[in-house]
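Student: Following is a predicted model, sequence given first.
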Amino acid sequence: MDNFNSLYDFIDIAKANKKYPENTANNLKSALKIFEKQLNGYELESISMIENSIEEIFRSVVIANKHKSIISLNTYKARLLKVINDYKKYGAKPDKIQNWHVKAKKSTPLLIKKDKTDKENINLSNSIRTPVENAHKIEFALKSKEKAILTIPSNITQADVKTIKAMLDSLLQ
């Protein structure tokens, strides 16, 4: 007979065999911990008994976790049932785990569409429409407490450098 603690061992084995990612394994264990507190001795000794009386157990979990939302508790319930289902398929006989093919999750178009909509709705208070300049800016502090800014394009030619140098040299005279 398979007991409740077998589910914890199964999650560890599935994680070690890359059937559950680490975060999924942790989430499944959290669900087990929440439900474990509400199980009686008979239910702890039989996974089948847990499945048969899941609704009564779930009611106890809801009452004991009044501070949690019902949506969250339903998620924990679904996780518990997932572990039990996976355990029955692959955990009862460990050699079956090698035939377990994990489906890769795909991103849902709904989320992508929502992200695009959110990006379109973003509006900055002061929109900046100036393009990024590909130039070097050099700031000079002058003796008269004024400043001069020299903007030099990054694609400056040797002839341009000579002209700028001549201009700066003329300022010194």
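Tutor: Cool, the structure landed.
Student: Tell me the helix or strand right after the lowest-mean-pLDDT helix or strand in the chain.
Tutor: Across the helices and strands of the chain, mean confidence by mean pLDDT, DSSP states H and E is lowest for helix 109-121: a mean of 60. On the C-terminal side of helix 109-121, the closest following helix or strand by DSSP states H and E is strand 135-141.
Student: Show residues contacting that next one.
Tutor: Counting contacts by C-beta atoms under 8 Å, 6 or more residues apart in numbering, the residues outside strand 135-141 that touch it are Lys147, Ala148, Ile149, Leu150, Thr151, Ile152, Pro153, Ser154. From N, CA and C alone the C-beta is placed, and that goes for glycine too.
Student: so where is the protein shaky, pLDDT-wise?
Tutor: Low-confidence segments of the chain (pLDDT under 70): 1, 104-133, 173.
Student: Next, find the distance separating the residue positioned nearest the centre of it from Val102.
Tutor: Centre of the chain computed as the mean C-alpha position; nearest residue by C-alpha atoms, centre = their mean is Asn23, 9.9 Å away. Here the distance between Asn23 and Val102 works out to 14 Å (C-beta to C-beta, to the nearest Å).
Student: what comes up buried for whichever helix in the chain runs longest?
Tutor: Using DSSP state H to assign secondary structure, the helix with the most residues in the chain is helix 70-86. Across helix 70-86, burial judged by 16 or more other C-beta atoms under 10 Å covers Leu73, Tyr76, Lys77, Arg79, Leu80, Val83, Ile84, Asp86.
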